[in-house]
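1. What follows is a protein structure lacking sequence information:
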């Protein structure tokens, strides 16, 4: 069995967690566990969804896979013991991975130095601070360093499927894709900063400013 | 404000809940609440993800939107008070909606009679039992009846964005799509039963049989 840990912290983004969780948890040889600084409830950035951590990250010193979600809560998580734990456990993982601004936490742990990496489109420049080269791809793999990073929020679904393929085989990954009917038909074509209209980008940016107040 | 309720029950599928949750919760004029028969933790079909219900469905008699997730747990939920509650509150909703086999619960509540509806591809035939016409589309809208149903698991993301458009406006919905970078790039082309290879479909079906044992 492959054991995947997803660390939670206050202010995580829910789909960053549950997108890849769903893909991984359906694979028969993979188990996923939600962990946090303490066992118990952890609430998301919208304040309306609470997940339960069933153990603490301190309980685990050699997980196979670590998957770090993003969210506005990364700003506080940067000053939590999560960063030192990520640095310590990365020595033992098969892959250490992130979704969205979760890559900022990998960066703070010193894990992105000299690597290509991605994050939420609004935070790509921050990656320079950690010695990483920002790449505006949906999923960026650095196999020699055992680091994989995904772009904003929903990108974690694509990364989750890729991880299932790497941890099991292509047939299993395709069966997970079928079972979850992941044959997306977004009703609009605004999912990428390279194609969204200017007023759409301005609206999304305004939310970010509002969240920071 | 528009108030969205998502009823949980043991054995729900996590992404059925969190895909549309994420789209709706980001819209500034929408609040989402997770409810269940009792307040407290409710665990998903994989047994490894627990969400917290912050109120009971009995606490709400006129929600604006109800969104019912699917999962193997629908088999038990069919015999719970959820079905009668759905029938009662539908009189007051703007939209009553489902993801995946959540439509079976709408059907049991008598809400699909004479309508077009969808569900997880493996359960489409079941819709006949409730007087509905199965449609293999990703999202099926019946505006006169205020019913919207989505196909399997990840389809709820597309439905969530469509609901945001209907509840707010297109600009807001596109900004949510951008913020969540919902510009999917599935690594394989097996997300639809019409295109998945035969051995992929057989693998996914074998899991279903395993889950039923």
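-> Yep, it's here. A quick note: this is a predicted structure, and the numbers were derived from the prediction, not measured. Numbers count the residues shown, from 1 in each chain, chains lettered A, B, ... in the order given.
2. Which other helices and strands does the helix or strand residue A:83 falls within contact?
-> Assigned by DSSP states H and E, residue A:83 belongs to helix A:82-89. Other elements packing on helix A:82-89 under the criterion 3 or more C-beta pairs under 8 Å, 6 or more residues apart in numbering or on different chains; DSSP states H and E are strand A:2-7, strand A:65-68, helix A:102-108. In this view, the C-beta of every residue, glycine as well, is placed from N, C-alpha and C.
3. Residue A:26 - nearest residue in space that isn't next to it in sequence?
-> residue A:176 (4.8 Å; C-beta to C-beta, 6 or more residues apart in numbering or on different chains).
4. Could you report the distance from the one you found to residue B:191?
-> Distance, residue A:176 to residue B:191, by C-beta to C-beta, to the nearest Å: 10 Å.
5. now residue A:98, what's its secondary structure?
-> Judged by DSSP: H, G, I helix; E, B strand; the rest coil, the three-state class of residue A:98 is strand.
6. now for the longest helix anywhere in chain A, which elements pack on it?
-> Longest helix in chain A, counting residues (DSSP state H): helix A:198-212. With contacts taken as 3+ C-beta pairs under 8 Å, 6+ apart, helix A:198-212 sits against helix B:170-179.
7. Return the set of buried residues in the helix it packs on.
-> B:172, B:173, B:174, B:175, B:176, B:177, B:178, B:179 (16 or more other C-beta atoms under 10 Å in any protein chain shown).
8. List the contacts of the fourth one.
-> By that I understand residue B:175. Neighbouring residues of residue B:175 by C-beta atoms under 8 Å, 6 or more residues apart in numbering or on different chains: A:190, A:200, A:203, A:204, A:207.
9. hmm, try it at 7 Å
-> By C-beta atoms under 7 Å, 6 or more residues apart in numbering or on different chains, the contact set of residue B:175 is A:200, A:203, A:204.
10. Can you give me the pLDDT of the second one?
-> Predicted confidence (pLDDT) at residue A:203: the value is 95.
11. Just give the number of residues close to it.
-> Using other C-beta atoms under 10 Å in any protein chain shown, residue A:203 has 20 neighbouring residues.
12. quick one: low-confidence parts of chain A?
-> A:211-213 (pLDDT under 70).
13. Any idea which residue is closest to the centre of it?
-> residue A:99 (2.1 Å; C-alpha atoms, centre = their mean).
14. Quick check: that one touching residue A:157?
-> No. Counting by C-beta atoms under 7 Å, residue A:99 stays clear of residue A:157, with 9.1 Å between them.
15. which residues do those two both contact?
-> Residues touching both residue A:99 and residue A:157 (C-beta under 7 Å, 6+ apart): residue A:20.
16. Return the set of buried residues in the helix or strand encompassing residue A:161.
-> If you go by DSSP H and E, residue A:161 is part of helix A:155-167. Buried residues in helix A:155-167, counted by 16+ other C-beta under 10 Å: A:155-167.
17. which phi and psi does the residue lying closest to residue A:153 once chain neighbours are set aside have?
-> Distances taken as C-beta to C-beta, 6+ apart place residue B:180 nearest to residue A:153, at 4.0 Å, with adjacent residues excluded. Phi and psi for residue B:180, reported as degrees, to the nearest 10, are phi -90, psi 10.
18. Which residues are in contact with residue B:180?
-> By C-beta under 7 Å, 6+ apart, residue B:180 lies in contact with A:15, A:152, A:153, A:154, B:22.
19. do that again at 8 Å, thanks
-> Contacts of residue B:180 (C-beta under 8 Å, 6+ apart): A:15, A:152, A:153, A:154, A:191, B:22, B:23, B:26.
20. Out of the residues you listed, who's the most crowded?
-> residue A:15 (35 neighbours).
21. My reading is that it is in a helix; is that accurate?
-> Yes. Per three-state DSSP, residue A:15 lies within a helix segment.
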